[in-house]
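Colleague: got a structure for you, letters missing:
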C-alpha cells in the first residue's frame, strides 16, 4: 500500500489587470501629467479625472501605450478585455465623431468594432467605461499566449468633428467685481463682511438673505458691476441675443427699478423704470444688436460692458436686489475636447492544474448522513420526511516531514501548495486512498498547518472537507 496520497486541482479562472507603463505612439495632448501614459494609468478602482489625454482634432488621431508584463501567472488565457474611460467635454460630439479602442499587433491594427464582443462607442458629457473583448489574438487567430500579453500595445483613436449648436444658451455669467459707475447709496444687507457689493448678488443659487438695498432717505441709488467674460470656455460666433437678468422685490408700494448697460463709461441702453412687486421675480433687459451702431453683437462687445442696476426708496420703503447674471444666445460652433482618463487591460486565464503529494493522514473521519426532518403536530402525531439530501464530510489530520522521495522534499513546501489550493475557491480531487469513499471531489472548508513544538522538522496539518457535487 502506498504511504502517500495525491491532491489535484484545476483552479477557477482568474483576472490579471495590467496598466500602461510607457508611451508607444502619441498624438493626443497630456493634461495633468508629463507623459501621455501617466494620464491614463490609474487603477481601475481609483479613477483620477484630473489627469487625462484629449484632442479637438477634426481628423482621427491616436495614442498607443506599452503595458506591464505578467509576473508569476500561468495557464491558459481565455480572453482579454480592453477598457477605456472617456467623455466629450461640455457638449456631446457630432454624430460623425469616431472613438475607437485599438490593439497594435506586429504592425497590424485591430479596432474595438472588430473585437469578438465590441459595440459602437457614443460618448456623452459624463465619463463612462467602455470595453471590448478578444477571445483570440486577432493577428494569429490563435489563443493568446503570455508572450502576447508581455508585448501588448493598446490605446485609442478618436476625433472631434466641428459641430454647430443652434440657438445655444451660454452658461450664466455673474458679477466678479464692483464697477466704476454708481450713484446714491446702495448698501449690503446686514452690513456684510466684505466691502464689495457684488458678493451679495453673485450666487448661482438664489439666496434671498443676501441682497442690496437703499437705506432710509437714500433716494434712487444704482451701481454697475464687472461681469465674468464670455470667452472663458471658447465662445465665438455671431450673437443672436444678449440678456441681462436681475432678481428683485420691493418692501412696499411704488418702488421701481432700472437695468442699464454701460460701455466705456457711457450708458448705451436701459429698461426704463420697472415697477417691482412684493414677490421675488426675475427682470430682464434684452439686446439683439449693438444699441448705438445697430451692428451685430460680438463677444468683444459684451465682454467690455458693465451692467448696472438701480432701485428706488421712499421713506423707508425700498427695493431689494438678490441676484444678477447674464447670458448670450448664439449659434455655437466648436470642437469639444474628447477626453480619456483611463486605459487598462483585463487578462482572464485559467491557471495550470497543480498537484500536492502528502503522507497519508494519521487519522480521518468520514461522515455520510442523510438529512431527515421530523414534524410534531398538536394532536401528538408525528411525521418524518426524508429530504433525500446527503451530507458527506471528511476530517483528516497528519504530519509532514523532510522526505526526498516526495516531489517537494521540504514539508513546508508541500503544505504551502495545500494552503494555496484551499484559497483557490474551487474543488480538489483526492486519490491514492484504499477507502473509495475518499477518492473523489471535495471542497476544502478549513485548513491549518503548524510546526511541531517538539521537532522543528515536523509539521502538523489538518483540514475539513465537504463533498463537491459536480
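Modeller: Okay, I see it. All figures in this text were calculated on a predicted structure; none of them were measured in a lab.
Colleague: beta partners of the nearest residue to residue 407 once chain neighbours are set aside?
Modeller: Leaving aside its chain neighbours, residue 407 sits nearest to residue 357 (5.2 Å; criterion: CB to CB, 6 or more residues apart in numbering). C-beta coordinates here come from the backbone N, C-alpha and C atoms, glycine included. When bridges are called by DSSP bridges, residue 357 pairs up with residue 6.
Colleague: Please report how far residue 357 lies from residue 363.
Modeller: 19 Å (CB to CB, to the nearest Å).
Colleague: Over to residue 90?
Modeller: Applying CB to CB to residue 90 and residue 363 gives a distance of 72 Å.
Colleague: same deal with residue 69?
Modeller: Taken as CB to CB, the span from residue 69 to residue 363 is 46 Å.
Colleague: Show the residue spans covered by the helices in this structure.
Modeller: 146-150, 299-304, 411-422 (DSSP state H).
Colleague: any chance of these in JSON lines, plus mean pLDDT?
Modeller: Listed next are these as JSON lines, based on pLDDT from 0 to 100:
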{"stretch": "helix 146-150", "mean pLDDT": "97"}
{"stretch": "helix 299-304", "mean pLDDT": "93"}
{"stretch": "helix 411-422", "mean pLDDT": "92"}
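Colleague: Compare the ones you listed and give me the one nearest residue 86.
Modeller: Closest to residue 86 of the helices of the chain is helix 146-150 (CB to CB; 23.5 Å).
Colleague: what about residue 219, how many residues close to it?
Modeller: Residue 219 has 12 neighbouring residues, counting by other CB atoms under 10 Å.
Colleague: if you skip the residues just before and after it, what's nearest to residue 438?
Modeller: Once flanking residues are discounted, residue 438 sits nearest to residue 430: 5.4 Å by CB to CB, 6+ apart.
Colleague: make that residue 288, sorry
Modeller: Nearest one to residue 288, counting by CB to CB, 6+ apart, is residue 241 at 5.0 Å.
Colleague: Just give me the neighbour total for the one you found.
Modeller: 15.
Colleague: So what pairs up with it in the strands?
Modeller: residue 329.
Colleague: Settle this for me: it is touching residue 329, isn't it.
Modeller: Yes: the criterion here is CB atoms under 8 Å, and residue 241 meets it with residue 329 at 4.6 Å.
Colleague: Please parse this protein into its domains.
Modeller: Per automatic domain parsing, the structural domains of the chain span 12-162+335-350, 168-334, 353-467.
Colleague: how distant is the last one from the center of its chain?
Modeller: In other words, domain 353-467. Mean C-alpha position of domain 353-467 versus that of the full chain (CA atoms, centre = their mean, to the nearest Å) differs by 44 Å.
Colleague: again with stretch 133-140
Modeller: Using CA atoms, centre = their mean, the offset of stretch 133-140 from its chain centre is 27 Å.
Colleague: how long is it end to end?
Modeller: 16 Å (CA to CA, to the nearest Å).
Colleague: okay, and for the chain, where does confidence drop off?
Modeller: 1-2, 191-194, 231-236, 370-390, 470 (pLDDT under 70).
Colleague: Is residue 331 in contact with residue 237, as I believe?
Modeller: Yes: assessed by CB under 8 Å, residue 331 is found in contact with residue 237 at 5.7 Å.
Colleague: shared neighbours of those two, anything?
Modeller: Both residue 331 and residue 237 lack any common contact, where contact means CB atoms under 8 Å, 6 or more residues apart in numbering.
Colleague: More neighbours: those two, which one.
Modeller: residue 237 (16 against 13).
Colleague: Kindly tell me how buried the closest residue to the more buried one other than its chain neighbours is, as a neighbour count.
Modeller: Sequence neighbours aside, residue 330 is the residue nearest to residue 237 in space, at 5.1 Å (criterion: CB to CB, 6+ apart). Residue 330 sits with 22 neighbouring residues when counted by other CB under 10 Å.
Colleague: and residue 330, what does it touch?
Modeller: 167, 168, 170, 235, 237, 238, 239, 240.
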